[in-house]
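Participant: After the sequence you'll find the predicted model.
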Number of protein chains: 6
Amino acid sequence: MERIAVFPGSFDPFTLGHESIVLRGLKLFDRVIVGVGSNDSKQPFFSPEARVAMIRDLFQDEPRIDVQYYTDLTIDFCRRNKAQYMLRGLRTTSDFEYERVVAQVNQAMLPEVESVFMLTFPEHTAINSTVVRKVLRYGGDVSKFLPARLNIQRYMPR
Amino acid sequence: MERIAVFPGSFDPFTLGHESIVLRGLKLFDRVIVGVGSNDSKQPFFSPEARVAMIRDLFQDEPRIDVQYYTDLTIDFCRRNKAQYMLRGLRTTSDFEYERVVAQVNQAMLPEVESVFMLTFPEHTAINSTVVRKVLRYGGDVSKFLPARLNIQRYMPR
Amino acid sequence: MERIAVFPGSFDPFTLGHESIVLRGLKLFDRVIVGVGSNDSKQPFFSPEARVAMIRDLFQDEPRIDVQYYTDLTIDFCRRNKAQYMLRGLRTTSDFEYERVVAQVNQAMLPEVESVFMLTFPEHTAINSTVVRKVLRYGGDVSKFLPARLNIQRYMPR
Amino acid sequence: MERIAVFPGSFDPFTLGHESIVLRGLKLFDRVIVGVGSNDSKQPFFSPEARVAMIRDLFQDEPRIDVQYYTDLTIDFCRRNKAQYMLRGLRTTSDFEYERVVAQVNQAMLPEVESVFMLTFPEHTAINSTVVRKVLRYGGDVSKFLPARLNIQRYMPR
Amino acid sequence: MERIAVFPGSFDPFTLGHESIVLRGLKLFDRVIVGVGSNDSKQPFFSPEARVAMIRDLFQDEPRIDVQYYTDLTIDFCRRNKAQYMLRGLRTTSDFEYERVVAQVNQAMLPEVESVFMLTFPEHTAINSTVVRKVLRYGGDVSKFLPARLNIQRYMPR
Amino acid sequence: MERIAVFPGSFDPFTLGHESIVLRGLKLFDRVIVGVGSNDSKQPFFSPEARVAMIRDLFQDEPRIDVQYYTDLTIDFCRRNKAQYMLRGLRTTSDFEYERVVAQVNQAMLPEVESVFMLTFPEHTAINSTVVRKVLRYGGDVSKFLPARLNIQRYMPR
């Protein structure tokens, strides 16, 4: 049976840390579905379309990676995609505390989906989308925090 | 002297974890006052009236439990109710860090009220009101996270 | 029914932080039994007799405090003493993580005993018996870390 | 290519929490090798032979699980077994901090082995081998903490 | 070469804990520049002008302390002021996790500025600007949390 | 007045992470005294002489770095050396919790010595002496974890 994993997030924007988890996940799973979630509580910096486009462009040569936008619960997104796994990256202990709660809630609601965690590389620990957005807002250079092939200027909101 | 404890929170909504702490607190204290607080920074999902009503209905057969809404500082609510204790549940280390700061501030401002902590049961660790609200918004099933006798539909905002 | 709490520890030696928890616990409980535990993995600095003596001397005027040495499991000590509560102080998040595991194990084995936690005062956070022993070994001054009325010299091993 | 994972530990003894991780890992990996490690700093409660035997007996009907004792570095054990993955369970934030350091060291020394983490179920969070050994020493009942089919008496040291 | 440190924050308001770090930093550095930052995501309680004024008034007799408002990235503020150090206070592990990410991001973007940390005194651990604002909103007494010479009423918004 | 910092540790052995802190500390302080402490509870892997020698050899061209062995309390070592600062590196939240307790105890006993912290670089986070010793014991390659110019073979116990 094909091993399908959902990699959910808001990816606002998609960083070097996210890319690393997807690529490493691709070795473990037969298919990785990047689930670009809406975030009801915050106005995103990049539109859903821009976020989906930047990730699709990045992985256009990899047929085993799929990118989709979703607006419902992550467990419903997993169910629709027949994913048996949810893939998550862990950076810090705060991450871990948060991810544990999310995974336990998901486990209670949809036990057949297993949450699987990989560690962010040490050199990516400090990279997070919040920081990248802040630097972008001030016109700073974010190239160190983004995948090498990602031309972020192409997706900037106008 | 009667031992009176305030159990403060926003209870938006009141969960299985909250119920467990109140019931266990009832063994230790002579009276437990559930203090339904306002939260200035967020618009609640359930109105103050709905939150007070759902907790009162749940504990209607227990004369030693009182439920009140308050809009001022928790220490002032304690003072008005002559409570010598503040009862809190602890789930995770993030909880602990947050609760420690709150308790130390309260201790500095009203030393005669002692904060007393009980541990959330392991099977309730992942339950929190934020998650319940999120699932409710998407029409998911939250019955696993709520007290068995609580009919949440009755209190839903229209 | 009398509310009886066990306050277990190795108390090698009994510090200002321990004293504070016992005295605050005495308001909440009708009786506090200080349980001086053996520690199979380490050679203690103060003998069991010295530890029991220093705590008894300290609280000799308080009939509601009892001090006992025990060498079996803490839950068995609670059972023998008909305690319904186990009282513990929390200082740091590492404390919390450790105490949570211990309390959950105890809860699984003896559900009728409830673990109740109080916070160490901020000015006592850094005080722990390990540090006091280390300073004692080098002949340093530990009076800041010990109860005012405790004359530690009287209990020193020869 | 076959996905092979090593699940390393001292398993002194093998608990319900360990069993859960192995069984869930078996869905994700084609083969799981339980690596029973020596621990240079501590005298084990159960001999290496007893630990290997109890795990083998438990999984005797599952040909995709292998159990081996090893005395060298875990990365060398992985290399010998051609494992591409190291499987680990996460319970608490202390676990996470420790596991992150171990995984980063392993990653620096043997980058081709990926550490993959699963969460311990909430009801297993408090279970750890240290506690089980302590209760065993005092003749307490540990059946709640061990796999249902594991008859621990059979492996007890004499 | 003169050792210049920036002490950045939103200081809404400036607390006893902040004062302690600045005064201790003044022994280590030749000059300390208190950088009053804007915070794009929140409406401040005290205006930028009020915050700058309260800190300047407090340190008016200390020529080696400078107070400035800035609205760009903290690293750009450091660069403009030729600061080689960023000074930060650490209270809790949550602080530490957050500060580590910020410092690593800053280090990646401006390696010549070193982040230097001092510990908040235990008795100041619970003091934070969020709490002070909350108490101020309800008309409570915040004098315990503020520098002795700071007359907060003078800066209150009308 | 000369700014003197003590950098205390057991340095068994001295790693890349330690070297980084000393070199960065050298910019902030006029003199850095590496204090090689004894550790009463453990038998060291490298003798005190070997540890002092490896650090001295490493910094032989830097007259502002001094290396000394000490067997008493760190605060007494600071006092003897007229150091006003204690320099420490922080890697993880466990480090932080531990260091905070140590610093608060030192502050209580010798308030005139200020503890100053720098962050370990992300790529050094996983490096610690315990791991290095373990790999050395199994004959593994530790060169990635040690300063480039440190020839560890020269100091190996026989």
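Facilitator: Perfect, I can see it now. Residues are numbered from 1 along each chain as shown, chains lettered A, B, ... in the order given.
Participant: My guess is A:Phe121 contacts A:Ile21. True?
Facilitator: No. In this structure, A:Phe121 is not within contact of A:Ile21 by C-beta atoms under 8 Å, at 9.5 Å. Just so you know, the C-beta spots here come from the backbone N, C-alpha and C atoms, and that holds for glycine as well.
Participant: got the phi/psi numbers for A:Arg80?
Facilitator: Main-chain dihedrals, A:Arg80, degrees, to the nearest 10: phi -60, psi -30.
Participant: how close does it get to A:Asp72?
Facilitator: Distance, A:Arg80 to A:Asp72, using C-beta to C-beta, to the nearest Å: 9 Å.
Participant: ok and the residue in chain A nearest chain B?
Facilitator: At 3.3 Å from chain B, A:Gln104 is the closest residue in chain A, using C-beta to the nearest C-beta.
Participant: Number of residues surrounding that residue?
Facilitator: 21 (other C-beta atoms under 10 Å in any protein chain shown).
Participant: can you check A:Ser47 too?
Facilitator: Applying other C-beta under 10 Å, we find 12 residues neighbouring A:Ser47.
Participant: and what of A:Leu90?
Facilitator: 22.
Participant: and it, bridged to which residues?
Facilitator: Taking DSSP bridges as the rule, A:Leu90 bridges to A:Leu119.
Participant: Name the nearest residue to the residue in chain A that chain C sits nearest to, ignoring sequence neighbours.
Facilitator: Relative to chain C, the nearest point of chain A is A:Thr93 (9.2 Å; C-beta to the nearest C-beta). Distances taken as C-beta to C-beta, 6 or more residues apart in numbering or on different chains place D:Thr93 nearest to A:Thr93, at 4.8 Å, with adjacent residues excluded.
Participant: what about that neighbour, distance to C:Val132?
Facilitator: Counting by C-beta to C-beta, the gap from D:Thr93 to C:Val132 is 27 Å.
Participant: Would stretch A:129-149 count as contacting chain F?
Facilitator: No. With C-beta under 8 Å from any C-beta of the partner chain as the criterion, chain F is not reached by stretch A:129-149; the gap is at least 12.5 Å.
Participant: one step back: my read: the residue nearest to A:Thr93 touches A:Glu97, true?
Facilitator: Yes. With contact defined as C-beta under 8 Å, D:Thr93 counts as touching A:Glu97 (6.1 Å).
Participant: so what sits against both of the two?
Facilitator: Both D:Thr93 and A:Glu97 are contacted by B:Thr93, under the criterion C-beta atoms under 8 Å, 6 or more residues apart in numbering or on different chains.
Participant: Show me what the helix ranked longest in chain A is packed up against.
Facilitator: Secondary structure assigned by DSSP state H gives helix A:93-109 as the longest helix of chain A. Helices and strands touching helix A:93-109, by 3 or more C-beta pairs under 8 Å, 6 or more residues apart in numbering or on different chains; DSSP states H and E, are helix A:74-80, strand A:85-90, strand A:114-119, helix B:93-109, helix B:129-137, helix D:93-109, strand D:114-119, helix E:93-109.
Participant: at 7 Å what do you get?
Facilitator: Contacts defined by 3 or more C-beta pairs under 7 Å, 6 or more residues apart in numbering or on different chains; DSSP states H and E place helix A:93-109 against helix A:74-80, strand A:85-90, helix D:93-109.
Participant: Okay, now the unreliable bits of chain A?
Facilitator: Of all residues in chain A, those with pLDDT under 70 make up the ranges A:40-41.
Participant: from it, which residue is nearest to chain E?
Facilitator: For chain A, C-beta to the nearest C-beta, closest residue to chain E: A:Ala126, 3.3 Å.
Participant: before we move on, back to that, for A:Phe121 and A:Ile21, indicate the residue with more neighbours.
Facilitator: For A:Phe121 versus A:Ile21, the count of surrounding residues by other C-beta under 10 Å is larger for A:Ile21: 24 against 19.
Participant: just checking, the more buried one touches A:Met86?
Facilitator: No. Counting by C-beta atoms under 7 Å, A:Ile21 does not reach A:Met86; the two are 11.9 Å apart.
Participant: what's the angle from the host helix or strand of A:Ile21 to strand D:114-119?
Facilitator: Using DSSP states H and E, A:Ile21 maps to helix A:16-28. Relative orientation of helix A:16-28 versus strand D:114-119 (axes from the mean of the first three to the mean of the last three C-alpha atoms, to 10 degrees): 90 degrees.
Participant: Please enumerate residues in contact with helix A:16-28?
Facilitator: With contact meaning C-beta atoms under 7 Å, 6 or more residues apart in numbering or on different chains, helix A:16-28 is reached by A:5, A:7, A:9, A:11, A:32, A:34, A:58, A:64-65, A:87, A:89, A:118, A:120-121, A:124, A:127, A:145-147, D:3, D:114, D:116.
Participant: just to revisit the earlier point, buried ones in the longest helix of chain A?
Facilitator: A:93-97, A:99-109 (16 or more other C-beta atoms under 10 Å in any protein chain shown).
Participant: Understood, closing this out.
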